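Asks: Can you look at this prediction? I've put the sequence above it.
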Amino acid sequence: MIRTPDQRLRVFVSSTLRELADERRAARSAIERLRLAPVMFELGARPHPPRALYRAYLAQSDVFVGIYAESYGWVAPDEDVSGLEDEYNLAPASMPKLIYIKAAERRDDRLRELIDRIRSDDTAAYLPFETPEQLEEQIASDLSTLLAERFDETRDSGDAALMPATSSPAARIPVPYTATIGREDDLTRIRELLARDETRVLSLIGPGGIGKSRLAIETARLADDLFPDGKYFVLLEGVLEPGLVVPAIAYALGIRDNGEAALEERIAHALAGRRVLVVLDNFEQIVDAATVVARLSAAAPLAKFLVTSRIVLRIRGEQVYDVAALRTPDVTASPTLDRALRSSACMLFVDRATAVKPGFSINDENAADIIDICRRLEGLPLAIELAAAKVRLLNPRGIAERLEQSLPLLTAAVRDLPERHRTMRAAIDWSVGLLPDDQRDLLDDLGVFATRFTLEAVEAVGVGRSWEGTGFEGLAALVDASLVKQTEIAGRAVFSLLAIVREYAIGRLKARNDADVVRAAHADYYRGFVARVAPGLRGVGQADSVVQLGLELPNLRAAVRHLVYTDRLDDAGDFAWSLLIYWWIAGFFAEVRVWMLELLGKERPITQHTRAVAWFFALWGEMWQRPSDGVVAGLGECVRLFAESGDDDASTMALAARATARLTLPMPDVRTAGLELTQAVDRLHELGNTWAEAITEVSRGRLAWLLGARDEALAHFSRATEIAEASADLFTLSVAGNHQARLLLLRGEIDEAEEDCIRTLLVSIRLHHEEGIAYGLEGLCAVAAARGDGERAGTLSAVAAAIRHRIGVFDAEAFRVHTPQLDALRAVDPDAVAAGERRGADLTVAEAVELALPEAESGAVHQTLVEW
């Protein structure tokens with residue numbers, strides 16, 4: 001029987017995932033509008049039809065929604081049908097089916113056959129649609145009609161309710177020994193959910209150590225008015241068999257098993273008609289017994305069940321609340337005392353540190369280290385508490401320095417905590433121990449990934465592993481177990497591990513002597529990924545390529561480091577060189593330089609091309625920050641090595657770099673630089689390297705600027721802009737535009753300069769190009785200074801300087817046009833400039849950009865800045 005909306009009817013959505021991504025979002029929106037529960041798994045393309053997973057989802061669903069367009073979907077080896085048809089076949093005959101067919105010029109033959117079969121199925125409604133918006137409205141309307149037709153009002157059974165016995169002392173809500181910090185918003189939201197009539201089962205989901213139990217306890221303690229008939233706490237930590245769940249609940253409620261009636265029935269009667277809260281703590285190890293909770297919630301509609309678990313129960317009526325880590329200060333913001341005081345994670349550290357060392361306090365000297373500790377621990381409460389306990393032996397600086405190997409350090413000294421909380425390793429061990437062998441192996445192998453990763457990458461690494469071919473199901477299980485987190489970035493599903501879980505996993509992998517094998521597979525996958533994506537950096541696909549590479553940046557770092565570590569030096573050189581544009585856009589030259597110096601320091605045989613690449617990256621930062629004749633000579637050697645290796649394109653780019661290096665010298669060699677730049681531009685034009693051609697035109701403009709030929713410089717910047725626009729090269733458009741704006745400032749054309757600064761700042765935001773943002777903020781600083789706005793000018797200057805310092809990129813002094821403007825204003829209004837600089841030092845990049853842009857433009861990029 002179809003349940004009513006307030007009982008969270010579950011709607012299973014079947015479609016091809018990638019082809020119909022927009023339609024799936026529309027379906028989800030329609031379902032949630034009716035306060036129903038969409039049953040969807042957005043993990044990306046499946047390697048094969050996971051029949052067990054389909055059945056598990058379908059068994060817990062009430063309505064089947066099928067959305068079909070052109071593709072029948074992939075048929076896995078040893079299967080006769082695709083996952084799309086398999087889902088339809090597995091849906092129970094009694095389940096209502098709403099089928100939506102998108103208008104299409106072509107359709108796979110097998111999909112046509114499936115649709116023809118559906119037309120003859122009298123349990124399925126068959127409807128056409130054209131747009132996602134139309135689909136959303138149709139699904140919402142059809143579900144409303146379905147509910148109206150099938151609504152079944154529940155009736156009392158007529159049995160007399162049995163009076164409950166006095167509850168056991170063990171069922172009383174525990175009293176925390178320490179204060180609950182940073183959970184005010186969570187407590188408010190959970191209370192709101194529990195106050196709703198439709199909430200029957202509310203599951204607090206999250207990994208071990210994130211504070212689920214504490215949150216549940218605090219919620220219960222503050223909810224007397226919502227549950228006048230009592231609150232019960234059921235600790236399931238030692239309950240390992242599903243069959244023991246009912247006795248445990250009964251015991252907590254004070255119901256004794258005298259054998260006269262089934263315990264579940266007695267519990268249902270005891271709860272019926274009573275507004276009570278039952279907290280079921282640590283449910284994950286007996287999740288197979290979740291249907292008990294579903295039955296009890298249906299039998300006692302006034303009772304509420306608050307469940308803590310690392311795994312979603314997936315029962316009817318369940319609402320899920322993801323328990324997040326505590327808030328840490330923004331990584332782009334300066335680590336000040338004020339920011340630490342506004343961080344719940346930092347305040348938790350201080351509170352727990354004070355408990356073990358009464359004289360401890362946070363101050364200007366240790367605030368940055370406390371912020372560093374909390375950032376490294378990603379706001380994980382248990383990890384922060386364990387770290388804070390070490391202030392007896394170490395100051396915050398000492399703790400921060402040792403957190404690189406955090407697990408050995410974080411050993412609990414509080415002996416009355418449950419065993420799994422004595423160390424973070426114990427908490428993770430306890431959770432991982434619940435997994436089957438292949439999923440444990442998968443988790444270990446995921447340790448080679450950095451901050452986040454995709455399903456495709458996991459599948460590639462899985463070749464030859466014990467879990468090969470089951471990556472999709474394994475990830476789904478690990479997500480449900482809260483060991484892996486799933487999010488969506490730029491429209492793509494990505495996964496991540498908490499830092500401490502990742503450390504735990506790689507530790508196990510090393511212990512099995514498998515780390516090098518899996519890391520090699522990881523590096524090979526990302527070499528192939530770079531080979532596919534990097535060509536897009538030079539033109540139309542630049543923005544998309546930057547997004548894709550940014551998504552995988554931590555893994556790109558891990559891959560190149562592994563290549564260097566294992567002496568695959570030529571592979572490392574090729575890898576680094578193919579991402580030259582990305583390293584520049586993202587501002588990672590300093591890191592690449594470290595890798596390349598390590599490569600050269602190995603003193604092992606490498607090709608001339610690899611040597612040229614390594615020297616080029618090693619010299620790049622020197623060229624701008626510490627220009628010298630040695631840098632010029634070194635880049636000349638790169639020109640020769642690239643040429644002798646047959647790479648004319650790289651040789652010409654090195655020539656342009658050498659010419660640019662001549663211009664950064666204390667005594668610029670302008671004549672030779674001019675000749676080399678002209679030669680490089682002509683050659684790059686012949687080779688069709690528009691990106692490097694445009695960048696070199698910028699260098700020619702800089703040279704003309706140095707020589708005082710401002711009209712000529714403006715012409716070169718304009719030419720660079722034209723080339724960049726023609727090839728959709730956003731990066732060079734930003735660089736050229738900012739140079740042009742600065743030159744306009746020097747010419748006194750303030751309004752025109754401001755327009756260029758804003759335009760190029762917007763381009764840089766789109767590209768996530770922090771150096772370009774620094775340029776734009778400096779230009780707008782000069783505009784503000786020219787107009788006498790000292791505080792605004794000081795603010796923008798400070799933020800731009802912070803960005804440059806953080807990404808290790810600096811400009812030649814001759815081109816810092818905002819500096820003289822700011823200094824001139826400082827002489828007139830020093831207090832305003834100083835106040836602005838203090839304010840700027842405390843702003844994030846996003847906050848500064850929103851301040852810099854006019855309101856209309858700021859609104860247009862607000863979401864991008866929120867996600868920065």
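Replies: Perfect, I can see it now.
Asks: Any idea how far whichever strand or helix holds Ala250 is from the middle of the chain?
Replies: Counting by DSSP states H and E, the element that carries Ala250 is helix 245-253. Centre-to-centre, helix 245-253 and its host chain are 40 Å apart (Cα atoms, centre = their mean, to the nearest Å).
Asks: quick one, strands of the protein?
Replies: For the chain, the strands defined by DSSP state E occupy 10-14, 37-39, 63-68, 97-102, 124-129, 201-205, 231-235, 277-281, 304-309, 318-322, 452-453, 485-489, 492-496.
Asks: Could you dump the ones you listed into JSON lines with mean pLDDT added?
Replies: Shown next, in JSON lines, are the strands of the chain (pLDDT from 0 to 100):
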{"stretch": "strand 10-14", "mean pLDDT": "88"}
{"stretch": "strand 37-39", "mean pLDDT": "80"}
{"stretch": "strand 63-68", "mean pLDDT": "92"}
{"stretch": "strand 97-102", "mean pLDDT": "92"}
{"stretch": "strand 124-129", "mean pLDDT": "79"}
{"stretch": "strand 201-205", "mean pLDDT": "96"}
{"stretch": "strand 231-235", "mean pLDDT": "90"}
{"stretch": "strand 277-281", "mean pLDDT": "95"}
{"stretch": "strand 304-309", "mean pLDDT": "96"}
{"stretch": "strand 318-322", "mean pLDDT": "94"}
{"stretch": "strand 452-453", "mean pLDDT": "87"}
{"stretch": "strand 485-489", "mean pLDDT": "77"}
{"stretch": "strand 492-496", "mean pLDDT": "83"}
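Asks: Quick one: the ones you listed as CSV, columns for distance to Gly464 too.
Replies: C-beta coordinates here come from the backbone N, C-alpha and C atoms, glycine included. Shown next, in CSV, are those (distance: least, Cβ to Cβ, whole Å):
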stretch, distance to Gly464
strand 10-14, 32
strand 37-39, 33
strand 63-68, 36
strand 97-102, 39
strand 124-129, 43
strand 201-205, 33
strand 231-235, 43
strand 277-281, 41
strand 304-309, 34
strand 318-322, 34
strand 452-453, 18
strand 485-489, 25
strand 492-496, 21
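Asks: Any chance of JSON lines for those strands, columns mean neighbour count and distance to Pro77?
Replies: JSON lines is the format used below for the strands of the chain (neighbours: other Cβ atoms under 10 Å; distance: least, Cβ to Cβ, whole Å):
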{"stretch": "strand 10-14", "mean neighbour count": "25", "distance to Pro77": "22"}
{"stretch": "strand 37-39", "mean neighbour count": "21", "distance to Pro77": "27"}
{"stretch": "strand 63-68", "mean neighbour count": "24", "distance to Pro77": "23"}
{"stretch": "strand 97-102", "mean neighbour count": "21", "distance to Pro77": "28"}
{"stretch": "strand 124-129", "mean neighbour count": "16", "distance to Pro77": "29"}
{"stretch": "strand 201-205", "mean neighbour count": "23", "distance to Pro77": "35"}
{"stretch": "strand 231-235", "mean neighbour count": "21", "distance to Pro77": "46"}
{"stretch": "strand 277-281", "mean neighbour count": "25", "distance to Pro77": "42"}
{"stretch": "strand 304-309", "mean neighbour count": "26", "distance to Pro77": "35"}
{"stretch": "strand 318-322", "mean neighbour count": "17", "distance to Pro77": "35"}
{"stretch": "strand 452-453", "mean neighbour count": "22", "distance to Pro77": "25"}
{"stretch": "strand 485-489", "mean neighbour count": "14", "distance to Pro77": "27"}
{"stretch": "strand 492-496", "mean neighbour count": "18", "distance to Pro77": "24"}
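Asks: now for the helix holding Ala250, which elements pack on it?
Replies: strand 231-235, helix 263-271, strand 277-281, helix 290-299 (3 or more Cβ pairs under 8 Å, 6 or more residues apart in numbering; DSSP states H and E).
Asks: List the buried residues for the second one?
Replies: When you say that, I think you mean helix 263-271. Going by neighbour count (16 or more other Cβ atoms under 10 Å), the buried part of helix 263-271 is Leu263, Glu264, Arg266, Ile267, Ala268, His269, Ala270, Leu271.
Asks: For Thr336, give me the pLDDT.
Replies: For Thr336, the model assigns a pLDDT of 94.
Asks: Kindly report the same for Val517.
Replies: The predicted local confidence for Val517 is 94.
Asks: residues near it, how many?
Replies: For Val517, the count of nearby residues is 16 (other Cβ atoms under 10 Å).
Asks: what does Asp711 give?
Replies: Using other Cβ under 10 Å: Asp711 sits among 9 other residues.
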